[in-house]
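> Provided below are the primary sequence and the corresponding predicted coordinates.
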Amino acid sequence: MLKNNWTSIKINIMKSKILFLLLGILIVSCNVNNEKTAREVYTANRLKAITTAYNKKAATMEILYGNDVALNNLIGRPDTKANGAIYKLITWKQHPDPNWHYVNGNEEVLSVETVTITNITNYNVEEQQPHAKTNTEVNDRISYITGLRPAVMP
C-alpha cells in the first residue's frame with residue numbers, strides 16, 4: 001500500500017512539473033517582441049494621396065500627398081504651378097513582408113519633402129536623408145515632385 005501511494009505521489013509531482021513547464025512556455029511565448037513587424041506610418045493630416053512610386057534598385061517607395069489645389073492642378077494642367085498648392089513626397093525604405101511572400105512593405109521614413117507654391121516656390125526636406133543640396137538639385141526635385149502624374153481611379 002505504501003508503495004502504491006509513493007508511485008501515486010511521483011506521478012502527481014511529474015504532472016505538476018509538466019503543467020508548470022507548459023504554463024511557463026505559454027507565458028514566455030506571449031511576451032515575444034514584434035518590433036520587426038511594426039511599420040512606421042506617416043500621417044498626412046488633411047492632404048490627399050495623389051500617387052505612388054517605387055524604386056526597386058534603391059528598395060524605396062514614395063507616396064505623393066497634396067491638397068485639393070495640388071490635386072486639381074495635376075489633373076487639369078500639370079505644366080503650370082498653381083498658387084496655394086502643397087505637395088508632400090514621403091519616401092520609405094522597403095523591407096520584405098514576413099507575412100506575405102514576394103511582397104515588400106514600408107519600414108522607416110527616409111525623407112519628407114514639401115513643396116509649397118505661393119508667390120514663390122518653397123522646398124523643404126524633413127527627416128534623415130535630404131535629396132537635394134544645390135539649387136539645381138532643388139529645382140530638379142521640385143520639377144520631379146510637381147510633375148508626378150496622379151493615379152487614375154476608374
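Received it, and whenever you're ready, just let me know what you need.
> make it CA atoms for all contacts and neighbour counts henceforth
Will do.
> Look up how far Asn135 lies from the spatially closest residue to Ala151 that is not a sequence neighbour.
Closest residue to Ala151 apart from its sequence neighbours, by CA to CA, 6 or more residues apart in numbering: Thr51 at 4.9 Å. Using CA to CA, to the nearest Å, Thr51 is found at 26 Å from Asn135.
> Poorly predicted segments of this structure, please.
Scanning the chain for pLDDT under 70 picks out the ranges 1-6, 23-24, 26, 28-40, 78-79, 127-132, 153-154.
> What segments of it are strands?
48-55, 60-66, 86-96, 104-117, 121-126 (DSSP state E).
> can I see the domain layout of the protein?
2-31, 39-147 (automatic domain parsing).
> My read is that Leu47 contacts Val69, right?
No. The criterion here is CA atoms under 8 Å, and Leu47 misses it with Val69 at 10.3 Å.
> Ala58 versus Trp141, what's the distance?
Wrong residue type there; residue 141 is Arg, not Trp. Distance from Arg141 to Ala58, by CA to CA: 17 Å.
> ok, the two, which is more surrounded?
Arg141 (17 against 9; other CA atoms under 10 Å).
> before we move on, back to that, quick check: the residue nearest to Ala151 touching Tyr65?
Yes. Using CA under 8 Å, Thr51 makes contact with Tyr65 at a distance of 7.4 Å.
> Pick out whichever of the two has more residues nearby.
Tyr65 (25 against 17).
> hey, what's that one bridged with?
Tyr65 forms beta bridges with Ala49, Lys88, as assigned by DSSP bridges.
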